[in-house]
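Q: next come a sequence and a model predicted from it.
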Amino acid sequence: MRAERGLLIVLSGPSGAGKSTVIAALMKRRRDIRFSVSATTRDPRPGEVDGKDYFFRTHEEFARMIEADAFLEHAQYVGNHYGTPAAPVDESLDAGYHVLLDIEVQGAGQVMAKRPDAVSVFLCPPSLRELERRLRGRGTDTEEKIRGRLAAACREYARAKDYDYIVVNDDAQTAAAELDAIITAEQCRSGKRLNLIIEGDRPI
Ligand code: ADP
Ligand code: 5GP
C-alpha cells in the first residue's frame, strides 16, 4: 500500500455522456482507484447491483442518512436524490487509493468547496445530438426522463468552466486514456513531489 494520500477525483457530465463507460475503461487501466458508491432513491436499471453501482434506498432511508450527516455531498437530480457516503471516501484516501466520484454539478460544487484539493473533470459527449442518441440507445429511461435529462444537460454545460479539466467522450478508450493522464499529471505536481527531492541529506 502507498503511504501517500490518494487524490479525490470528481467526474461530472450530462447523463448519457458515458461516465460509467469511461470509468469502467479507466478502472481496467489502473488498479489504484476506488469508485465511490453513491446512495440514491432512483430505481435500479436492469443489471445494476445494490452496493456495487449504487446503494438503492427509500426516500425515508435517504432522509435518515442526511440527518445522520452521513454524506460528503448530496443533491436532487431529475426527481431523485443522490448522495456520496462520506466515511468510505476518507478511508480509501487514507489507504492511498484515488477515489472517483461520479456526481452531478450541484454535488460537485459542494465537494469543490469542502475539498479544494479535489481534481475535477467534466466529461461531455461530442454533441447534444449524440447525447440524445446515447440516452435513447441505452434504453433505460422513459421519454419523460430522457427529456428531463436533456434539459438538465444544457444547465450542466453552463458549469463546465468551473472544472479543472474537460474531456470529450467521442471514443471511450481515448477518454479513459485522457483521464488516466490527468491523474498521472496530478500525482506529479511539484507540491506532491518536493518531499522526494533530497538536497544534501535533507528533503527540501
Ligand atoms: P452516463 O454514465 O454518463 O450516464 P453511460 O456510460 O451509461 O453514461 O453511457 C450512455 C450510453 O452511451 C450507453 O449505452 C453507452 O454504451 C453509450 N456510450 C458511452 N460511451 C460511448 C462512446 N464513446 N461512443 C458511443 N457510445 C457510448
Ligand atoms: P444516473 O441516474 O444516470 O445514474 O445518474 C444521474 C446523475 O446523478 C448523474 O449526473 C450522476 O453523476 C449523478 N450522481 C450519481 N451519484 C451521485 C451522488 O452521489 N451525488 C450527486 N450529487 N450526484 C450523483
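A: That came through fine. Numbering: from 1, shown residues only. Ligands and ions are numbered 1, 2, ... in the order given.
Q: from now on I want contacts and neighbour counts done on CA atoms only, so please keep to that.
A: Will do.
Q: can you tell me which residues in this structure are near ligand 1?
A: Those residues of the chain that sit near ligand 1, judged by C-alpha under 6 Å from any ligand atom, are 15-21, 134-135, 137-138, 169-172.
Q: quick one: which of those residues is most hemmed in?
A: Ala17 (26 neighbours; other C-alpha atoms under 10 Å).
Q: the protein: helices as residue ranges?
A: Using DSSP state H, the helices of the chain run over residues 19-29, 59-67, 86-94, 105-114, 128-138, 143-157, 172-187, 190-193.
Q: quick check: closest non-adjacent residue to the most centrally placed residue in the chain.
A: The centre of the chain sits closest to Asp102, judged by C-alpha atoms, centre = their mean, with a distance of 2.3 Å. Nearest non-adjacent residue to Asp102, counting by C-alpha to C-alpha, 6 or more residues apart in numbering: Leu11, 5.0 Å away.
Q: quick revisit: got a list of what the residue nearest to the centre of the chain touches?
A: Val10, Leu11, Ser12, Lys19, Ser36 (C-alpha atoms under 8 Å, 6 or more residues apart in numbering).
Q: what is the burial count for the closest residue to Thr58 other than its chain neighbours?
A: Counting by C-alpha to C-alpha, 6+ apart, Thr41 is the residue found nearest to Thr58 once chain neighbours are left out, at 5.5 Å. Neighbours of Thr41 under the rule other C-alpha under 10 Å: 20.
Q: Thr41: what's it in contact with?
A: Residues near Thr41 by C-alpha under 8 Å, 6+ apart: Phe56, Arg57, Thr58, His59, Phe62, Asn80, His81, Tyr82.
Q: equivalent analysis for Glu48, please.
A: Per C-alpha under 8 Å, 6+ apart, neighbours of Glu48: Tyr54.
Q: list, one by one, the residues from the chain near ligand 2.
A: Close to ligand 2, as judged by C-alpha under 6 Å from any ligand atom, the chain has residues 12-15, 38-39, 74-75, 82-84, 102-104, 106-107.
Q: with the residues you listed in mind, which one is nearest to Tyr165?
A: Tyr165 lies nearest to Ser12 out of these, by C-alpha to C-alpha, at 10.5 Å.
Q: what about Val105, distance to ligand 1?
A: 13 Å (C-alpha to the nearest ligand atom, to the nearest Å).
Q: what pLDDT is listed against that residue?
A: For Val105, the model assigns a pLDDT of 96.
Q: tell me, how many neighbours does Arg149 end up with?
A: Arg149 - counted by other C-alpha under 10 Å - has 21 other residues nearby.
Q: for Tyr82, see how far away it is.
A: Arg149 is 15 Å from Tyr82, where distance means C-alpha to C-alpha, to the nearest Å.
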